[in-house]
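In: Using only what follows, build the 3D model:
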Amino acid sequence: MTRFDKIIEQLDTEWAMDGFFGRVRQGDFDDARAQAVLVLLRGFRLENEDLVPQRLVALLWYMPSFLEWQTERVEQRGGSRSDYERFTTEVMNALEEALGTP
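Out: The predicted structure is shown next:
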C-alpha cells in the first residue's frame, strides 16, 4: 500500500456517476461537495522524489479541462456561474500547490 492509495480511492469515488464530478457532468454543482473536493486536493503534496501512480495522475490531470467544459451545463441547470468558476480556479490553485509548476 502506498501513501497515495487513500487519495486515489477518494478521487475514484468523486469521479463515479454519483460522486461530485459525476454529478457535475449532469450539471449539478453542489458547493458543499465542491469544498470537500478542495479539502481532499489540498491534503497532499508531492515530494521531489515521489514516483506518482499512473491512476493518481489520470484522476488529477483531467480535472481542469473537465470542469471548464461543464460550465455552461452547470449554469443551464441553475447553478451559479460565478461560484462554479471560483471553484474551478481554486481547483487549479490546489493542483499547482500539490503538483508544482514547470
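
In: Report pLDDT for the residue lying closest to Arg42 once chain neighbours are set aside.
Out: Closest residue in space to Arg42, ignoring its immediate chain neighbours: Ala94 at 5.1 Å, by C-beta to C-beta, 6 or more residues apart in numbering. In this view, the C-beta of every residue, glycine as well, is placed from N, C-alpha and C. Looking at Ala94, its pLDDT is 95.

In: and what of the one 3 residues further on?
Out: With respect to pLDDT, Glu97 has a value of 91.

In: so which strand or helix has it?
Out: helix 81-99 (DSSP states H and E).

In: what does whichever strand or helix holds Glu72 rub up against?
Out: Assigned by DSSP H and E, Glu72 belongs to helix 71-76. With contact meaning C-beta atoms under 8 Å, 6 or more residues apart in numbering, helix 71-76 is reached by 24-29, 81, 84-85, 88.

In: Tell me the first helix or strand C-terminal of the helix or strand of the chain with the lowest mean pLDDT.
Out: Within the chain, no helix or strand scores below helix 54-61, which has a mean of 93 by mean pLDDT, DSSP states H and E. Proceeding N to C from helix 54-61, the next assigned helix or strand is helix 63-69, under DSSP H and E.

In: so how far is that following helix off the chain centroid?
Out: With C-alpha atoms, centre = their mean, to the nearest Å as the basis, helix 63-69 stands 9 Å off its chain's centre.

In: Same question for stretch 52-59.
Out: Centroid separation for stretch 52-59 versus its chain: 13 Å, with C-alpha atoms, centre = their mean.

In: Show me what counts as buried in it.
Out: For stretch 52-59, burial by neighbour count (16 or more other C-beta atoms under 10 Å) applies to 56, 59.

In: circling back: what's next to the helix holding Glu97, contact-wise?
Out: In contact with helix 81-99 (C-beta under 8 Å, 6+ apart) are residues 29, 31, 34, 37-38, 41-42, 44-46, 60, 63-64, 67-68, 71, 74-75.

In: If anything else comes up later, I'll come back, but that's it for now.
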